[in-house]
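In: Give me a model of this one.
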Amino acid sequence: MTKKEFPQKKIPPSITNFPSPIRRHQKRLSDQDKIKLIAEHFKAIMETLELDVEDESLARTPERVAKMYVNEIFSGLDEENFPEISFFKDEIHHEHKANMVFVKVGFTSFCEHHFVPMSGFAYVAYIPTNQLIGLSKIPRLVRYFAKRPQLQERLTAQIADSLALLLNTEHVAVSLTAIHSCVQARGIQDECSHTITNVLRGQFGADGNLRREFFEGINRRVFE
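Out: Residues are numbered from 1 along each chain as shown. Now for the predicted structure:
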């Protein structure tokens, strides 16, 4: 069967009912300017902690941290990095509307309260209407929203919002299971703690059998 590909879409990622607290300036800084400023501020933090920033091991740390923030772990703050999304005509599920597509995605994000990692798995499912999203695009979508300071509850809702918007469907389910370094390394210091957040919409919220199938998919042990 030949796949019939729809045109790619690039929808503004700010279209969500749960936006991140991002402040937009009329005059945006370039990535290089951001890196320069962050490096200067991080060097000041290190000096405040009485670290020897002239030490060979630490001398380039401010720049390394700045580049990591801008180019990698917080790249999802830049809307220009929202992934291109490709679609295919659904020629399989049209006679079985309750058949779901289910994807498991590993992710790492950063808690916005302490700027330390939270990592785990996102389980994403939807009921196709007349089109399917490219399978590689769901991990890209998850990781786009994960690459910013986050709350796990918001991250779960943003993934569900964007997928529902892209596919023009309300039948979306997202479940995130994550370990939070801020719980492991500080405060209660509970190394065994993990957090689960769920967003169930459309048939996933109303149909008990479909909801059960979704959670059974989460509990299935495949390719661990």
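
In: Report the central residue of this protein.
Out: Nearest residue to the geometric centre of the chain (Cα atoms, centre = their mean): Ala146, 2.9 Å.

In: So it versus Asn168, what's the distance?
Out: Relative to Asn168, Ala146 is positioned 24 Å away (Cβ to Cβ, to the nearest Å). C-beta coordinates here come from the backbone N, C-alpha and C atoms, glycine included.

In: same question, His194
Out: His194 is 33 Å from Asn168, where distance means Cβ to Cβ.

In: So between these two, which is more surrounded?
Out: Using other Cβ atoms under 10 Å, the more surrounded residue of His194 and Asn168 is His194, with 13 against 9.

In: what about the nearest residue to the more buried one once chain neighbours are set aside, how many neighbours?
Out: Distances taken as Cβ to Cβ, 6 or more residues apart in numbering put Ile179 closest to His194, at 5.1 Å, once the chain neighbours are dropped. Applying other Cβ under 10 Å, we find 15 residues neighbouring Ile179.

In: I'd like the average pLDDT over the host helix or strand of Gly205.
Out: Here Gly205, judged by DSSP states H and E, is contained in helix 203-206. Here helix 203-206 scores 96 as its mean pLDDT.

In: if we can go back for a sec, let me see the contact set for the residue nearest to the residue nearest to the centre of the chain when sequence neighbours are not counted.
Out: Spatial nearest neighbour of Ala146, excluding adjacent residues (Cβ to Cβ, 6+ apart): Ser109 at 3.9 Å. By Cβ atoms under 8 Å, 6 or more residues apart in numbering, the residues touching Ser109 are 117-119, 146-148, 150, 152, 155, 178.

In: Looks to me like Ser109 is in a strand.
Out: Yes - the assignment for Ser109 (DSSP: H, G, I helix; E, B strand; the rest coil) places it in a strand.

In: still on that earlier bit, okay, and which of the contacts of Ser109 map to helices?
Out: Of the contacts of Ser109, the ones assigned to helices by DSSP state H are 146, 152, 155.

In: now the helices: where do they sit in this protein?
Out: Using DSSP H, helices in the chain cover 31-48, 61-67, 137-146, 152-167, 181-185, 203-206, 208-219.

In: hmm, back to that, of the contacts of Ser109, grab the buried ones for PyMOL.
Out: Those of the contacts of Ser109 that count as buried under 16 or more other Cβ atoms under 10 Å are selected in PyMOL with:
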select buried, resi 117+118+146+147+148+150+152+155+178
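
In: Tell me the one of the contacts of Ser109 nearest Pro83?
Out: Closest approach to Pro83 among these (Cβ to Cβ): Lys147, at 11.1 Å.

In: so that closest one sits right up against Glu72, yeah?
Out: Yes - if you go by Cβ atoms under 8 Å, Lys147 and Glu72 touch, sitting 7.5 Å apart.

In: quick one, phi psi at the residue nearest to Arg186 when sequence neighbours are not counted?
Out: Nearest residue to Arg186 in three dimensions, chain neighbours excluded: His114, at 7.1 Å (Cβ to Cβ, 6+ apart). Main-chain torsions, His114, degrees, to the nearest 10: phi -130, psi 0.
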